[in-house]
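**Student:** this is the structure alone, sequence omitted:
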Ligand code: SAH
């Protein structure tokens with residue numbers, strides 16, 4: 001397979017993610033949303049309205065508000081409760097909290113209008129019997145944030161959450177994995193094919209240069225975002 005350097009063995013513990021949120025080290029958050037979702041929204045929606053859309057490892061992604069405002073029903077999952085509370089606060093959305101009977105310690109935070117439901121728990125505790133299946137997925141900062149050793153488990157779960165005829169927009173990143181330990185982790189195209197290939201059609205839509213000062217500080221000399229559409 002393609003060399004992913006020493007990243008293969010790297011593990012980021014849940015506490016480390018919680019600490020990032022506590023200390024505000026959330027360089028991955030895009031206050032103005034992601035231009036690739038704007039650009040390829042039609043590919044995700046495919047002319048359909050009132051979809052159920054899933055945001056794995058959602059953080060406080062503002063794209064959840066965009067899609068809800070268009071009339072879709074949004075479901076997210078995130079370990080950091082702080083992230084989820086900031087999401088509702090920053091968009092002035094009233095919400096209710098309730099326990100999730102199937103998952104000990106988990107909470108569901110839901111807008112009072114019911115169009116955005118965010119699960120505060122580990123994604124591996126979810127199943128289609130708890131959250132149902134989805135017509136669309138926006139996976140940005142999600143597969144690339146999953147520990148490399150957990151990728152197969154993550155993808156197997158995601159596949160069980162996909163409806164027939166659903167679409168999955170996946171953003172990965174490409175850089176020299178010997179120069180930065182991640183996250184985000186480098187996920188080669190060959191691995192996307194081996195992880196998802198038997199279950200859907202995969203098409204690469206675009207590669208964009210996203211190199212910035214932050215990446216230079218990480219010791220990199222190139223950094224690309226790679227967008228795929230997966231059709232189930
Ligand atoms: N998708 C978001 C956040 C990306 S950062 C965005 O585009 O802004 C990855 C997020 O996943 C972090 O907020 C982290 O707290 C969360 N996370 C990491 N591992 C997780 C897991 N196993 N289950 C649920 N959330 C997780």
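**Tutor:** All right, it came through fine. Predicted model only: the values in this text are computed from it and were never measured.

**Student:** what parts of the chain come near the ligand?
**Tutor:** Where proximity means CB under 6 Å from any ligand atom, the interface of the chain facing the ligand comprises 17, 28-29, 57-59, 61, 77-80, 83, 122-123, 140-142, 145. Glycine gets a C-beta too; all of them are placed from N, C-alpha and C.

**Student:** pull out the buried members of those residues.
**Tutor:** Listed as buried from the residues of the chain next to the ligand are 17, 57-59, 61, 77-80, 83, 123, 140-142, 145; burial here means 16 or more other CB atoms under 10 Å.

**Student:** which members of those residues occur in strands, if any?
**Tutor:** Of the positions in those, 77-78, 140 sit in strands, assigned by DSSP state E.

**Student:** could I get the residues you listed as CSV with distance to residue 152?
**Tutor:** Supplementary listing: these in CSV, determined by distance: CB to CB, whole Å:
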residue, distance to residue 152
77, 18
78, 21
140, 20
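
**Student:** of the residues you listed, closest to residue 156?
**Tutor:** For those, the residue nearest residue 156 by CB to CB is residue 77; the value is 15.6 Å.

**Student:** give the contact list for that closest one.
**Tutor:** Residue 77 makes contact with 55-58, 118-121, 123, 126, 131 under the criterion CB atoms under 8 Å, 6 or more residues apart in numbering.

**Student:** at 7 Å what do you get?
**Tutor:** 56-58, 119, 121, 123, 126 (CB atoms under 7 Å, 6 or more residues apart in numbering).

**Student:** where are the low-confidence patches of the protein?
**Tutor:** Within the chain, the ranges that satisfy pLDDT under 70 run 1-2.

**Student:** at which residues are the strands of it located?
**Tutor:** Going by DSSP E, the chain shows strands at 52-55, 73-78, 95-99, 107-111, 116-120, 134-140, 162-174, 201-209, 224-231.

**Student:** of the ones you listed, which is nearest residue 151?
**Tutor:** Here strand 162-174 is closest among those (CB to CB), at 11.1 Å.

**Student:** packing partners for the closest one?
**Tutor:** On a contact count with 3 or more CB pairs under 7 Å, 6 or more residues apart in numbering; DSSP states H and E, strand 162-174 meets helix 35-45, strand 134-140, strand 224-231.

**Student:** count the residues that sit near the nearest residue to residue 27 once chain neighbours are set aside.
**Tutor:** If the residues on either side of it in the chain are set aside, residue 27 comes closest to residue 214, at 6.2 Å by CB to CB, 6 or more residues apart in numbering. For residue 214, the count of nearby residues is 11 (other CB atoms under 10 Å).
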